[in-house]
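Asks: Predicted structure and sequence below. I'll ask about it afterward.
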Amino acid sequence: MNIIIIEDEIKTARSLENHITAIKPEANIIAKLQSIERSVLFFSENPHPDLVFMDIQLSDGLCFEILKSVKITCPIIFCTAFDEYSLEAFKSNGIDYVLKPFSKDDIAAALKKVDEFKSFFQQDSGPDLNNLLSKIIPPAATKKNFLVFKNQKYVNVPTDTIAFFYIKFEATIIRCFDQQEYSINQSLDQVASMLSPEQFFRLNRQFLINFNAVKEVEHYFQRKLLVQLTIPTPEKLLINKEKVHTFLNWLENR
């Protein structure tokens with residue numbers, strides 16, 4: 001089995017390699033990559049491996065940028081210190097999601113899932129597909145509320161009361177339908193990965209909007225769209241022409 005490790009922490013990559021080779025002596029670690037840029041270059045110029053271990057937060061950004069640049073067809077085991085990316089990870093060839101700090105047993109369990117997955121496709125008779133998938137894919141879960149701190153109080157803000165999220169002075173801000181605003185610690189990328197993609201849409205780098213907040217959409221210059229919400233926004237909500245089709249499908253298909 002040829003394996004690639006994408007991990008920007010050298011000690012963690014070395015530890016992961018030691019666990020893998022101890023569990024599977026036949027495994028061949030063909031590359032250890034530390035950045036999005038080097039990973040994209042590698043997958044563009046080399047045969048793909050049988051399995052990838054991929055850290056989510058790399059020094060030059062989130063690993064999902066790699067998957068947007070190159071198509072990786074083999075299974076991926078994501079390794080991260082954070083659990084908020086699980087939904088996006090399982091949408092991206094993820095077969096398991098290992099939280100750091102991981103142990104040898106964690107890696108062994110993840111490799112066992114890979115073997116079960118491989119065995120399934122090698123069987124002539126039909127195994128219980130639902131049972132197999134239940135072992136691989138966790139129940140879909142989306143965030144129902146955000147705990148925020150404002151005016152010396154902690155407050156739960158239900159997701160369905162949020163009209164949109166946006167970036168203000170590099171902070172992520174919640175604006176509710178009642179126009180109350182709250183600052184949260186998560187990045188907009190992290191927030192998007194926690195929410196239902198049917199209910200919330202990432203318009204651009206600045207805005208993530210709730211379907212229920214959309215009032216109307218009109219054509220704009222250079223084949224863009226201008227989105228009007230039911231409440232005021234700090235700036236015009238514009239969608240680039242490359243994203244117009246996806247956005248209109250999101251509005252229509254529900």
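Replies: Alright, I've got the coordinates. Numbers count the residues shown, from 1 in each chain.
Asks: What segments of the stretch 151-254 of the chain are helices?
Replies: When assigned using DSSP state H, counting those that start in this stretch, the helices of the stretch 151-254 of the chain occupy the ranges 188-194, 241-252.
Asks: And the first one, how far out from the chain middle?
Replies: In terms of Cα atoms, centre = their mean, to the nearest Å, the gap separating the centre of helix 188-194 from the centre of its chain is 8 Å.
Asks: Could you do stretch 160-180 as well?
Replies: 21 Å.
Asks: sorry, back to before: of the helices of the stretch 151-254 of the chain, give the one that comes closest to Asp8.
Replies: Comparison of the helices of the stretch 151-254 of the chain against Asp8 by Cβ to Cβ identifies helix 188-194 as nearest, at 17.1 Å. Every C-beta, even on glycine, is put in place using the N, C-alpha and C of the backbone.
Asks: What mean pLDDT does that closest one get?
Replies: Model confidence over helix 188-194, given as mean pLDDT, is 88.
Asks: Take that helix, keep the C-alpha atoms, and write them as CSV.
Replies: Output of helix 188-194 as CSV, limited to C-alpha atoms (Å, rounded to 0.1, in the frame of the first residue of the first chain):
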residue,chain,number,x,y,z
LEU,A,188,-16.0,32.0,8.0
ASP,A,189,-14.6,28.7,6.5
GLN,A,190,-15.1,27.0,9.8
VAL,A,191,-18.6,28.3,10.2
ALA,A,192,-19.6,27.2,6.6
SER,A,193,-18.4,23.7,7.4
MET,A,194,-20.7,23.4,10.4
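Asks: since we're on Asn28, how many residues are nearby?
Replies: The number of residues packed around Asn28, counting by other Cβ atoms under 10 Å, is 12.
Asks: Out of the helices of the stretch 151-254 of the chain, indicate the one that is most buried.
Replies: Of all the helices of the stretch 151-254 of the chain, helix 188-194 carries the top mean neighbour count, a mean of 19, counting by mean count of other Cβ atoms under 10 Å.
Asks: Summarise which helices and strands that one is packed against.
Replies: In terms of contacts (3 or more Cβ pairs under 8 Å, 6 or more residues apart in numbering; DSSP states H and E), helix 188-194 is packed against helix 86-90, strand 162-168, strand 200-202, strand 207-210.
Asks: Need the helices of the stretch 151-254 of the chain in a markdown table (columns: distance to Ser44).
Replies: Supplementary listing: the helices of the stretch 151-254 of the chain in a markdown table, determined by distance: least, Cβ to Cβ, whole Å:
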| stretch | distance to Ser44 |
| --- | --- |
| helix 188-194 | 23 |
| helix 241-252 | 21 |
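Asks: so Lys224 sits right up against Ile239, yeah?
Replies: Yes. Using Cβ atoms under 8 Å, Lys224 is in contact with Ile239, at 6.0 Å.
Asks: Give me the more crowded residue out of these two.
Replies: With neighbours defined as other Cβ under 10 Å, Lys224 and Ile239 compare such that Ile239 has more, 21 against 16.
Asks: so what's the more buried one bridging to?
Replies: Taking DSSP bridges as the rule, Ile239 bridges to Leu225.
Asks: What separation is there between it and Phe164?
Replies: 14 Å (Cβ to Cβ, to the nearest Å).
Asks: Quick check: neighbours shared by the two?
Replies: Common contacts of Ile239 and Phe164, defined by Cβ atoms under 8 Å, 6 or more residues apart in numbering, are absent altogether.
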